[in-house]
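1. just to be clear, the model below is a prediction. Sequence and coordinates:
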Amino acid sequence: MKPGLKVMMIGTSETVIQATQKEAEAAPQVQDDFDLTEEQQGSLEVKDQPEVQEKLARRLRSVEVKILNPPRPGKKCL
């Protein structure tokens, strides 16, 4: 390097890195769902939750199906 040459430093300062590490240590632990057994995963299934079932039933009652093109007689539905 030549004397008087300007050098641009790129990166993150040590204080910012240390602050980020402290925040990560203070954060709550994340549950690893890959280690759960099938019994434990059953309680996590969204489709089996009663409030989701009730929302789905309410939505099915309120939606009106509008048929754009009726099926042609003698043709199979895809």
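-> Perfect, I can see it now.
2. first-to-last residue distance for stretch 5-19?
-> In stretch 5-19, first residue to last residue: 32 Å (CA to CA, to the nearest Å).
3. can you give me how far the helix or strand that contains Val16 is from the chain middle?
-> For Val16, the host element (DSSP states H and E) is helix 14-26. Helix 14-26 sits 25 Å away from the centroid of its parent chain (CA atoms, centre = their mean, to the nearest Å).
4. for stretch 45-54, same thing?
-> Taking CA atoms, centre = their mean, one finds stretch 45-54 lying 17 Å from the centre of the chain it belongs to.
5. please apply the same query to stretch 53-63.
-> For stretch 53-63, the distance to the chain centre is 23 Å (CA atoms, centre = their mean).
6. now the helix holding Val16: mean pLDDT?
-> What helix 14-26 shows for mean pLDDT is 89.
7. ok, now stretch 35-46?
-> Across stretch 35-46, the average pLDDT comes to 68.
8. end to end, how far does that stretch reach?
-> With CA to CA, one end of stretch 35-46 sits 18 Å from the other.
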